[in-house]
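Visitor: no sequence for this one, just the structure:
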Ligand code: AMP
């Protein structure tokens, strides 16, 4: 997994062609409804600008092929509102939107760029060559670039002109920060895992981890969801969650993930009972309640004993475990039991390879003196 990444490139004064995933949910008028994916791309975008690069951004949006005979619907898939939104996030940065992907007008706009500026190309899927991975389109895109950066994490698996084809015509191609993060965390072992492969995801926010979860669903045999993010899934299934952590924007995502898991035949396990508390504190009154039984003034802060048993059964039968995010508020002794028991089970299982990622999870394991195992 020896991959060149964006932070190893010399970008000053260079034309940097970057494929991002701006395929965002839209309002009916085409404006941005959920900016998660734009936010996710900002780290690489800001880096190129800070390094003095000239940034040319490209993305697909929706499925133009499906509405190609309806001019009004097609117009809603132009990237103008997204370029405008991006400009709003990058106060003071000059963002120019062009109406094509390649050709003389685009080349002229790129030639006029100064360091620290952005040109946003039109929806890549407006060009029929994109999904066909057409070499002519790929070469024309490459003409715009000194270096190419791949950061459209949701699309990197597709061999399209803007994601794969173009790389054959640009000398230097690298992964952006989103892609790099994924490679760093999961790359090696997940290329050829010993099965059963079980992923355990916990921690606070669903939205933070959407891309990771979607990706894991294509790989794992079992996906275990615990921690704060589990309550958004329970809410999505219609259960009462009291004062537990809820990621409102994540409810729809959770529904989609539940459906995807079913479609892909992945066993998805959620807590069946919870340790709930009347306060976010180690001195809180606590009790164990079943699914959907969290009182309105209580919040779930750790998995319950039945859940632990259920999770451990899967974990003990696994050959590979990927774990990111504590299954409870492990910083407080009262709610550390689930996380600690999982760490212990992994440490004591000689057959399992475990990849534990994320600062909090690694910290928890170190705290229990199990890191070397
Ligand atoms: P993340 O950065 O998303 O991996 O979240 C890690 C944080 O999630 C840790 O500080 C945990 O205390 C917190 N966490 C885990 N479970 C819960 C929960 N049930 N309610 C609130 N926070 C939680």
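Guide: Yep, that arrived. Predicted model only: the values in this text are computed from it and were never measured. Residues are numbered from 1 along each chain as shown.

Visitor: ok, now which ones touch the closest residue to the ligand within the chain?
Guide: Going by CB to the nearest ligand atom, the ligand is nearest to residue 203 of the chain, at 2.4 Å. The way it works is simple: take the backbone N, C-alpha and C, and place the C-beta from them, glycine included. The contact partners of residue 203, by CB atoms under 8 Å, 6 or more residues apart in numbering, come to 209, 227-229, 324-326, 358, 360-361.

Visitor: rerun that using 10 Å as the cut-off
Guide: Counting by CB atoms under 10 Å, 6 or more residues apart in numbering, residue 203 touches 209, 226-230, 245, 324-327, 358-361.

Visitor: ok, residue 35 next?
Guide: Contacts of residue 35 (CB under 10 Å, 6+ apart): 22, 24-25, 41-42, 82, 85-86, 88-89.

Visitor: burial count for residue 235?
Guide: Residue 235 has 19 neighbouring residues, counting by other CB atoms under 10 Å.

Visitor: helix or strand: which one has it?
Guide: Element membership of residue 235, judged by DSSP states H and E, is helix 229-236.

Visitor: can you name the element that comes right after that helix?
Guide: Next along from helix 229-236, by DSSP H and E: helix 250-264.

Visitor: hang on, isn't residue 245 packed against residue 227?
Guide: Yes. At 8.5 Å, residue 245 and residue 227 qualify as touching, with contact defined as CB atoms under 10 Å.

Visitor: all helices for the stretch 101-250 of the chain, in order.
Guide: 104-111, 129-132, 135-142, 177-191, 210-217, 229-236, 250-264 (DSSP state H, counting those that start in this stretch).

Visitor: and the angle from the third one to helix 104-111?
Guide: Orientation of helix 135-142 against helix 104-111 (axes from the mean of the first three to the mean of the last three CA atoms, to 10 degrees) gives an angle of 30 degrees.

Visitor: cool, and the fifth one?
Guide: Interaxial angle, helix 210-217 versus helix 104-111 (the same axes, to 10 degrees): 120 degrees.

Visitor: in helix 210-217, which residues are buried?
Guide: 210-213, 215-217 (16 or more other CB atoms under 10 Å).

Visitor: got the contacts of residue 35 as TSV, with secondary structure columns?
Guide: As requested, the contacts of residue 35 are exported to TSV (DSSP: H, G, I helix; E, B strand; the rest coil):
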residue	secondary structure
22	coil
24	coil
25	coil
41	helix
42	helix
82	helix
85	helix
86	helix
88	helix
89	helix
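
Visitor: pull out the buried residues from those residues.
Guide: The buried subset of those (16+ other CB under 10 Å) comprises 22, 24, 41-42, 82, 85-86.

Visitor: closest one of the contacts of residue 35 to residue 295?
Guide: residue 25 (33.8 Å; CB to CB).

Visitor: from what I can see the closest one touches residue 252, true?
Guide: Yes. Here residue 25 reaches residue 252: they are 8.5 Å apart, a contact under CB under 10 Å.

Visitor: what sits in contact with each of those two?
Guide: residue 34.

Visitor: residues from the stretch 201-350 of the chain in reach of the ligand?
Guide: 202-205, 208, 227-228, 245, 300-301, 325-326, 328-331 (CB under 6 Å from any ligand atom).

Visitor: residue 49: which of those is nearest?
Guide: Out of these, the member with the shortest distance to residue 49 (by CB to CB) is residue 208, at 23.6 Å.

Visitor: number of nearby residues for the closest one?
Guide: 17.

Visitor: now do the same contact list for it.
Guide: 36, 40, 229, 247, 250, 325, 358.

Visitor: any chance of these in CSV, with neighbour count and pLDDT too?
Guide: Converted to CSV, the contacts of residue 208 look like this (neighbours: other CB atoms under 10 Å; pLDDT from 0 to 100):
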residue, neighbour count, pLDDT
36, 18, 82
40, 22, 88
229, 25, 94
247, 19, 91
250, 23, 89
325, 25, 91
358, 19, 65
